[in-house]
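# Pasting a predicted model and its sequence here:
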Amino acid sequence: MPSHTKATRSWLFTPGTRPERFEKAEAVGADVLIIDLEDAVAPGDKPDARRTALDWIAANKAGAIDHALRINGLDTAAGIADLDALLAHDAAPDYLVLPKTETSGHIEILDRLLSAADKASRIVGIIESARGLAAINAIAGSSPRLFGLVLGAADMAADLGCETAWDPLASIRSRIVAACALAGVSAIDSPFFDVHDPSGCEAEAAHAVTFGFVGKAAIHPAQIAPINKVLTPTPEAVEKARMILAENAKGVGVVDGQMIDEAVARKARRVLAAAGG
């Protein structure tokens, strides 16, 4: 798979039935627009949403913002119809987002089909069930085409019988981040569900960063600015990271009273990568 150099901090879900909103995702600064054919679309509207999404993606090649398509699950008739339509269409989204990812086979099937259709789309799997969590390491390492994994907090909480809150899902987040780190793919946090609380969204995004997440999904344009703010290193953090790497190149050293070793240098490299170099 080709390397990816664009920022992927914020992933904005937009219903496939609302094409007038697609271009607005770029206007609000989202890094990735996810056109949603699953939860945001009523069963009777799925055929029209499918055609609208594919036609729009084909006609609007990605520029400053990448395009993703969330299909329905592979265990549903709608999901099979989504996939069949995509494979036969000129549309080639930057990402294909798969809900209810529960086995490595789900990713492998998509990989083979996309390759046969000569589409370069990367795959993003949503982990939102106990079964998916049980197979998390195999899923994360299943394909070079896999870009990352997203926590589906609402469905995961329903499956586990817990609250859709930070503390009950903290251990789930840690497992997703660890699996992504092991496989070298991106860990993307669940959306924050209160669209009227941007400060709460910012706080949760900041918490996600401390866990190791490198991106966060959003369900409302107002959430993009706080997510991008948190996931963009400050100039002070970038300067300190450069100082750490300069000191590390000399051997063991000290920056701001902190001893510098390779572990600290690795974190500094991640800061610079998040800042775009």
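Great, that's in hand.
# need the strands for the chain, in chain order.
Using DSSP state E, the strands of the chain run over 10-15, 32-36, 66-70, 95-98, 122-127, 146-151, 186-189, 215-218, 253-255, 258-260.
# Turn the ones you listed into CSV, including distance to Thr234.
Yep, even glycine has a C-beta here, placed from its N, CA and C like the rest. Listed next are the strands of the chain as CSV, based on distance: least, CB to CB, whole Å:
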stretch, distance to Thr234
strand 10-15, 17
strand 32-36, 23
strand 66-70, 24
strand 95-98, 28
strand 122-127, 27
strand 146-151, 24
strand 186-189, 20
strand 215-218, 17
strand 253-255, 16
strand 258-260, 17
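# Kindly reformat those as TSV containing mean pLDDT, distance to Ala268 and mean neighbour count.
Listed next are the strands of the chain as TSV, based on pLDDT from 0 to 100; distance: least, CB to CB, whole Å; neighbours: other CB atoms under 10 Å:
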stretch	mean pLDDT	distance to Ala268	mean neighbour count
strand 10-15	97	23	25
strand 32-36	97	26	28
strand 66-70	97	27	24
strand 95-98	98	28	26
strand 122-127	98	27	26
strand 146-151	98	22	26
strand 186-189	98	19	24
strand 215-218	98	20	26
strand 253-255	74	9	14
strand 258-260	75	9	15
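# Would you mind saying which of the ones you listed lies nearest Leu113?
strand 95-98 (9.8 Å; CB to CB).
# Show residues contacting the closest one.
When contacts are defined by CB atoms under 8 Å, 6 or more residues apart in numbering, strand 95-98 is touched by residues 32, 34, 66-71, 73-74, 86, 106-107, 110, 114, 121-126, 147, 150.
# do the same with stretch 68-88
11, 13, 32-38, 43, 46-47, 50-51, 53-54, 57, 91, 93-100, 106, 109-110, 113-114, 116-117, 119, 124, 126.
# Equivalent analysis for stretch 109-116, please.
Leu74, Leu83, Leu87, Leu96, Leu98, Ala120, Ser121, Ile123, Ser142, Ser143, Arg145.
# Pull out the buried members of those.
Among the contacts of stretch 109-116, those classed as buried by neighbour count (16 or more other CB atoms under 10 Å) are Leu74, Leu83, Leu96, Leu98, Ser121, Ile123, Ser142, Ser143, Arg145.
# now for these, which pair is the farthest apart?
Leu83 and Ser142 (17.0 Å).
# Let me see the contact set for the residue nearest to Asp39 when sequence neighbours are not counted.
Sequence neighbours aside, Pro99 is the residue nearest to Asp39 in space, at 7.7 Å (criterion: CB to CB, 6 or more residues apart in numbering). Pro99 makes contact with Glu38, Asp39, Arg70, Ile71, Asn72, Gly73, Ile126, Glu128, Gly152, according to CB under 8 Å, 6+ apart.
# ditto for Ile107
Counted by CB under 8 Å, 6+ apart, Ile107 has contacts Leu98, Thr101, Ile123, Gly125, Ile139, Ser142, Ser143, Arg145, Leu146.
# now the first one: how far from Gly215?
Plainly put, Leu98 is 16 Å away from Gly215 if you go by CB to CB, to the nearest Å.
# same question, the fifth one
Using CB to CB, we find Ile139 at a distance of 17 Å from Gly215.
# gap between His207 and Asp84?
40 Å.
# higher neighbour count, these two?
The neighbour count for His207 versus Asp84, taken as other CB atoms under 10 Å, is higher for His207 (15 against 12).
# any low-confidence regions in the chain?
1-5, 62, 250-252, 275-277 (pLDDT under 70).
# Which residue lies nearest the spatial centre of it?
Ile188 (4.2 Å; CA atoms, centre = their mean).
# List the residues that contact that residue.
By CB under 8 Å, 6+ apart, Ile188 lies in contact with Thr8, Trp11, Val124, Gly148, Leu149, Val150, Leu151, Phe213, Val214, Gly215, Lys216, Ala217.
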